[in-house]
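Q: Starting from these lines, generate the structure:
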Amino acid sequence: MKNKLLKHTFEKYIHLSVLIFVVLNLIFTRSFVGLEIFGFRLGEYVVLIGFLHLTFLSIKFLKYKKSSKYILFSYIYFYFLLQVLFTGAEFLNTYVYKAASFIGMISFYFIGLKFPQKYLYSNRLYKSLFLLIPTIYMFGSSKYPKFISDFFNQYSDKFEYIKASDVLMAVVIVVFIYNNSGKDNLIYIATFVFIPLFLPILLYLSRGSFVALLVFLIMEISALRKQLIINKVKTLIFTFVAVIIFIISTLNIYGNLSFEKNNPLMNEELKITQNQLLQENLEDLLNRRNYIGVIFSLYFDDGVLKSTDGTLNWRLDIWQDLLKDQNQKNKLIFGYGYNEILPVMADPSEPGRWGGDGLNENIHNYFLNIFARGGVALFLLFIFLHASFLTKWRERNKNLRLLNFIAPLLIASFFDVSMEGVQFPFNYYFFIGTFLAKKN
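A: Numbers count the residues shown, from 1 in each chain. Next comes the predicted model:
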């Protein structure tokens, strides 16, 4: 009896700790996971836990081979182990796990899968998500309380304004949960208030995240079309409200309705971000506001795909050099592994790829990063993994609504380093787990 009570208490505090971590991770993002504890960052502990959990799951798979729910996770893990062995990497080399963090983070799907089943913490989590909207909006507008930035400057490895991809993540999570709640008023508020509120912020900060949120809005309206058509009057009223909110938010963020980037706080945030990423294209990024022109800016020059947009052209240059180098070195099938920085990012003839601080090593594409590290084999395993989430959802709910959550986030990750971090993939896999833990 005493042992059961202790176990119950222990599990209760574990789930409470997860709840607190999830909320803080959504609000403070990179600065939060950069908190240093005994010489290591919190994010490094999270990656370590992810790999240890993945090891446990893979052992469990070997022990109970009939359990198909672990199969893809185990195959990815075993493939990682084989890569480390055959490339001569050291298992105690911390860079190996940094480069392969996108693998370790997949295990948090199971944390999310088990989370709602005990102590009703998922209900508490969902109720607290409403508070994220004003908080994320304020932080996304670069209005950060000084005492919080001072705290992270002192105790974290870096203080960073909330990135566009993390704003997108929070909005998509909240809206997806409320739009699947079955509560009519919440659905209208989430779709016609929350999304229009955040569109100007993402338009200001990131094209990729803006397009992703726009895609999410279209997909949600499509999924809700029957309900919206039935309630025509209510839909018309909320559509008008959505337009008003978008205009007010645009004025708040831009200071005008011509989408000229004159917000000094957010321009400072863009400067910080771009100095870390691509200093030479800063002025071009700050001045650009023609998003239609950017989409159609692609052209070929001597067989090389280029863009008149400086930032996109920088990415295209890296991606094509990466594929060319992989092909020349016969790395298309099994990839480079995890021993060192990808060669395309360590090219001394291309110092602009290192960023303003000389520390950038990311190629800014989730799918190509997988392909570069693990080749075709690992790339296909991850495609099957994401597809398996949709399959499980369809088996439970007889639809593909989960695609509305997955697609926008993966679109954003196609142009960003979000999945190579900690906070973004943790939220992605954890919430997919919580969604799949509940039927309907």
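Q: Now do the buried residues in stretch 62-74.
A: Lys69, Tyr70, Leu72, Phe73, Ser74 (16 or more other C-beta atoms under 10 Å). Quick note: C-beta positions are derived from backbone N, CA and C, even for glycine.
Q: ok, so of those, who is nearest Asn327?
A: Leu72 (27.3 Å; C-beta to C-beta).
Q: Setting the sequence-adjacent residues aside, check what's closest to the closest one.
A: Distance criterion C-beta to C-beta, 6 or more residues apart in numbering; nearest residue to Leu72, sequence neighbours excluded, is Leu385 at 4.9 Å.
Q: tally of neighbours for that neighbour?
A: Using other C-beta atoms under 10 Å, the number of residues around Leu385 comes to 16.
Q: and the gap between the nearest residue to Ile341 once chain neighbours are set aside and Val175?
A: Spatially, and ignoring its direct neighbours in sequence, Ile341 is nearest to Glu361 (4.6 Å; C-beta to C-beta, 6+ apart). Separation of Glu361 from Val175 (C-beta to C-beta, to the nearest Å): 33 Å.
Q: more neighbours, these two?
A: Val175 (27 against 18).
Q: Helices of the stretch 301-440 of the chain, start to end?
A: 310-328, 366-397, 403-413, 423-437 (DSSP state H, counting those that start in this stretch).
Q: Glu90: which of those is closest?
A: Of these, nearest to Glu90 by C-beta to C-beta is helix 366-397, at 16.4 Å.
Q: Look at Lys398 and report its pLDDT.
A: Listed pLDDT for Lys398 reads 89.
Q: That one: neighbour count?
A: By other C-beta under 10 Å, neighbour count at Lys398 equals 9.
Q: Kindly report the same for Asn369.
A: Neighbour number of Asn369 under other C-beta under 10 Å is 22.
Q: looking at it, it is touching Glu420, isn't it?
A: Yes. Counting by C-beta atoms under 8 Å, Asn369 sits close enough to Glu420 to count as a contact (6.1 Å).
Q: can you list residues touching both of those two?
A: Common contacts of Asn369 and Glu420, defined by C-beta atoms under 8 Å, 6 or more residues apart in numbering, comprise Phe102, Asn362.
Q: all strands for this protein, in order.
A: Assigned by DSSP state E, the chain shows strands spanning 36-37, 40-41, 298-301, 304-307.
Q: Buried residues, the last one. List them.
A: What that stands for is strand 304-307. Lys306, Ser307.
Q: same for it, what does it pack against?
A: If you count contacts as 3 or more C-beta pairs under 8 Å, 6 or more residues apart in numbering; DSSP states H and E, strand 304-307 packs onto strand 298-301, helix 310-328.
Q: What is the distance between stretch 230-250 and the centre of its chain?
A: Stretch 230-250 sits 28 Å away from the centroid of its parent chain (C-alpha atoms, centre = their mean, to the nearest Å).
Q: What residues of it count as buried?
A: Residues of stretch 230-250 classed as buried by neighbour count (16+ other C-beta under 10 Å): Asn231, Thr235, Phe238, Ala242, Ile245, Phe246, Ser249, Thr250.
Q: Now do the contacts for Asn339.
A: Contacts of Asn339 by C-beta under 8 Å, 6+ apart are Thr87, Gly88, Ala89, Asn93, Tyr95, Val96, Ala99.
Q: Run through the residues that contact the fifth one.
A: Residues in contact with Tyr95 (C-beta under 8 Å, 6+ apart) are Tyr338, Asn339, Glu340.
Q: Relative to the whole chain's centre, how far out is stretch 6-16?
A: That offset, for stretch 6-16, works out to 29 Å (C-alpha atoms, centre = their mean).
Q: what do you get for stretch 33-42?
A: 21 Å.
Q: buried ones in it?
A: Neighbour counts over stretch 33-42 (16+ other C-beta under 10 Å) mark Val33, Gly34, Leu35, Arg41, Leu42 as buried.
Q: And that stretch, end to end?
A: Stretch 33-42 has an end-to-end distance of 5 Å (criterion: C-alpha to C-alpha, to the nearest Å).
Q: Indicate which one of the strands of the chain is closest to Asn153.
A: Of the strands of the chain, nearest to Asn153 by C-beta to C-beta is strand 36-37, at 12.1 Å.
Q: The closest one pairs with which strands?
A: Sheet pairing for strand 36-37, assigned by DSSP bridges, gives strand 40-41 (antiparallel).
Q: what comes into contact with the partner strand?
A: In contact with strand 40-41 (C-beta under 8 Å, 6+ apart) are residues Val33, Gly34, Leu35, Ser156, Asp157.
Q: switch the cut-off to 7 Å
A: By C-beta atoms under 7 Å, 6 or more residues apart in numbering, the surrounding residues in contact with strand 40-41 are Val33, Gly34, Leu35, Asp157.
Q: now stretch 68-84, how far from the chain's geometric center?
A: 22 Å.
Q: average pLDDT across that stretch?
A: What stretch 68-84 shows for mean pLDDT is 92.
Q: and the gap between Gly375 and His386?
A: From Gly375 over to His386 (counting by C-beta to C-beta), the distance is 18 Å.
Q: Next: Lys98.
A: Going from Lys98 to His386 by C-beta to C-beta gives 23 Å.
Q: Quick one: low-confidence residue ranges for the stretch 201-350 of the chain.
A: 258-297, 348-350 (pLDDT under 70).
Q: Please give me every residue in contact with Tyr336.
A: Leu342, Ala372, Arg373.
Q: Next up, the contacts around the last one.
A: Translated: Arg373. Ala99, Ala100, Gly335, Tyr336, Gly337, Tyr338.
Q: if you set the cut-off to 8 Å instead, what comes out?
A: Counted by C-beta under 8 Å, 6+ apart, Arg373 has contacts Ala99, Ala100, Gly335, Tyr336, Gly337, Tyr338, Leu342.
Q: Give the buried residues for stretch 132-146.
A: Quick answer for stretch 132-146 (16+ other C-beta under 10 Å): Leu132, Ile133, Ile136, Tyr137, Phe139, Gly140, Ser141, Ser142, Tyr144.
Q: List just the nearest of these to Arg394.
A: Leu132 (28.3 Å).
Q: Give me the distance between the spatially most central residue of the chain and Gln227.
A: By C-alpha atoms, centre = their mean, the mean C-alpha position of the chain lies nearest to Phe424, the distance being 3.6 Å. Going from Phe424 to Gln227 by C-beta to C-beta gives 31 Å.
Q: Please apply the same query to Ile133.
A: Counting by C-beta to C-beta - Ile133 and Gln227 are separated by 22 Å.
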